[in-house]
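*Asks:* coordinates only, no sequence provided:
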Ligand code: HEC
């Protein structure tokens, strides 16, 4: 009985660890693909690849774009469309992509 409970707790913990890796996170990330490439692998030098960047870095950049703290040509407008929770999801998703 305790063994089964422990197994259930482990399964829950594992699910929580991957909670961000949802279809919702993938669809959010898909709207970045037109410029940053599929799964964050940019095809051009002009736009940075997002794959494998630090999660904290991506979150900080998105918020800096949104607040106008980081000057941008387009990202300041795009970043305004995302909530803190969505930015977390996006950053988590891209940080987990292999470079
Ligand atoms: C229309 C093209 C376009 C789209 C769509 C786009 N980006 Fe960007 N992104 C850029 C450009 C261009 C830059 C460089 C900053 C600037 O000039 O706006 C940039 C910069 C960034 C940076 C900073 C990278 C670094 O190395 O510092 C991050 C993080 C980022 N974008 C995240 C995203 C995310 C997340 C999405 C999807 C929600 C997204 N971008 C969608 C064009 C785009």
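*Replies:* Noted; the coordinates are in hand. This is a predicted model, so every value here is computed, not measured.
*Asks:* what about residue 6, distance to the ligand?
*Replies:* 38 Å (CB to the nearest ligand atom, to the nearest Å). Backbone N, C-alpha and C define where each C-beta goes, glycine included.
*Asks:* how about the secondary structure of that residue?
*Replies:* With DSSP: H, G, I helix; E, B strand; the rest coil as the basis, residue 6 sits in helix.
*Asks:* tally of neighbours for it?
*Replies:* Residues lying near residue 6 (other CB atoms under 10 Å) number 10.
*Asks:* what of residue 51?
*Replies:* 19.
*Asks:* sec struct for it, please.
*Replies:* coil.
*Asks:* please determine whether stretch 34-49 lies in contact with the ligand.
*Replies:* Yes - Stretch 34-49 lies within reach of the ligand by CB under 6 Å from any ligand atom, at 34, 35, 36, 47, 48.
*Asks:* so what's the last one scoring on pLDDT?
*Replies:* Yep, that's residue 48 we're talking about. Per-residue confidence (pLDDT) for residue 48: 97.
*Asks:* and it, which helix or strand is it part of?
*Replies:* Here residue 48, judged by DSSP states H and E, is contained in no helix and no strand.
*Asks:* for the residue lying closest to it once chain neighbours are set aside, give me its contacts.
*Replies:* Leaving aside its chain neighbours, residue 48 sits nearest to residue 42 (6.2 Å; criterion: CB to CB, 6 or more residues apart in numbering). Residue 42 sits next to 35, 36, 48, 49, 50 when contact means CB atoms under 8 Å, 6 or more residues apart in numbering.
*Asks:* give me that answer again for 7 Å
*Replies:* Listed by CB atoms under 7 Å, 6 or more residues apart in numbering, the contact set of residue 42 reads 36, 48, 49.
*Asks:* give me the pLDDT value at it.
*Replies:* Note for residue 42: predicted pLDDT of 97.
*Asks:* ok now stretch 42-59, how far from the chain's centre?
*Replies:* Distance, stretch centre to chain centre, for stretch 42-59: 10 Å (CA atoms, centre = their mean, to the nearest Å).
*Asks:* try stretch 31-43
*Replies:* 12 Å.
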